[in-house]
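Student: show me the folded form of this:
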Amino acid sequence: MTLLVPAVATYGLRIVLITLVPAHRLPAALRRGLPHLAPAALAGLVVTAVVGHAGPAALVVPGPTHLALVVAGLVAWRFRNPALPVLAAVAVAIVVEVLS
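Tutor: All right, here's what the predicted structure looks like:
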């Protein structure tokens with residue numbers, strides 16, 4: 001029951017926003033920001049994964065995760081394909097794990 005109520009509320013909010021407020025009816029300022037929403041959410045997830053329990057110092061001290069992120073960033077910049085950076089980061093993480 002603890003997870004059911006928030007799940008129903010979240011699903012209901014999504015349905016209402018998608019069906020009753022389509023993107024073309026939003027104010028222009030919000031429409032301009034919509035393309036940046038997914039990358040911002042993904043960046044938040046990545047930072048949370050990098051920091052983990054180590055705290056903000058984990059962002060400064062280089063480690064294998066930073067290498068994987070740099071490689072993923074370069075692959076994303078070069079190929080403009082959403083799947084390739086993920087595959088590159090996973091490959092780097094596997095290589096680092098095997099070599100260490």
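
Student: mind telling me what element the spatially most central residue of the chain is part of?
Tutor: Per C-alpha atoms, centre = their mean, the C-alpha nearest to the average position across the chain is that of Leu42, at 1.4 Å. In this assignment (DSSP states H and E), Leu42 forms part of helix 37-51.

Student: and for that helix, what's in contact with it?
Tutor: Ala58, Leu59, Thr65, His66, Leu69 (C-beta atoms under 8 Å, 6 or more residues apart in numbering). Yep, even glycine has a C-beta here, placed from its N, CA and C like the rest.

Student: just put these in a markdown table and tack on secondary structure, pLDDT and neighbour count.
Tutor: Converted to a markdown table, those look like this (DSSP: H, G, I helix; E, B strand; the rest coil; pLDDT from 0 to 100; neighbours: other C-beta atoms under 10 Å):
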| residue | secondary structure | pLDDT | neighbour count |
| --- | --- | --- | --- |
| Ala58 | helix | 72 | 17 |
| Leu59 | helix | 71 | 12 |
| Thr65 | helix | 80 | 18 |
| His66 | helix | 83 | 14 |
| Leu69 | helix | 85 | 18 |
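
Student: how about JSON lines for those residues, with distance to Gly33 added?
Tutor: Converted to JSON lines, those look like this (distance: C-beta to C-beta, whole Å):
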{"residue": "Ala58", "distance to Gly33": "29"}
{"residue": "Leu59", "distance to Gly33": "25"}
{"residue": "Thr65", "distance to Gly33": "29"}
{"residue": "His66", "distance to Gly33": "29"}
{"residue": "Leu69", "distance to Gly33": "24"}
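
Student: quick revisit: and the helix holding Leu42, C-alpha only, in PDB?
Tutor: In PDB, the C-alpha atoms belonging to helix 37-51 read as follows (Å, rounded to 0.1, in the frame of the first residue of the first chain):
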ATOM      1  CA  LEU A  37      14.300  18.200 -19.700                       C
ATOM      2  CA  ALA A  38      15.500  14.700 -20.600                       C
ATOM      3  CA  PRO A  39      19.200  15.600 -20.600                       C
ATOM      4  CA  ALA A  40      18.800  17.400 -17.300                       C
ATOM      5  CA  ALA A  41      17.100  14.400 -15.700                       C
ATOM      6  CA  LEU A  42      19.800  12.100 -17.000                       C
ATOM      7  CA  ALA A  43      22.500  14.300 -15.700                       C
ATOM      8  CA  GLY A  44      20.900  14.200 -12.300                       C
ATOM      9  CA  LEU A  45      20.900  10.400 -12.400                       C
ATOM     10  CA  VAL A  46      24.500  10.300 -13.500                       C
ATOM     11  CA  VAL A  47      25.700  12.600 -10.800                       C
ATOM     12  CA  THR A  48      23.800  10.600  -8.200                       C
ATOM     13  CA  ALA A  49      25.400   7.400  -9.400                       C
ATOM     14  CA  VAL A  50      28.900   9.000  -9.500                       C
ATOM     15  CA  VAL A  51      28.600  10.500  -6.000                       C
END
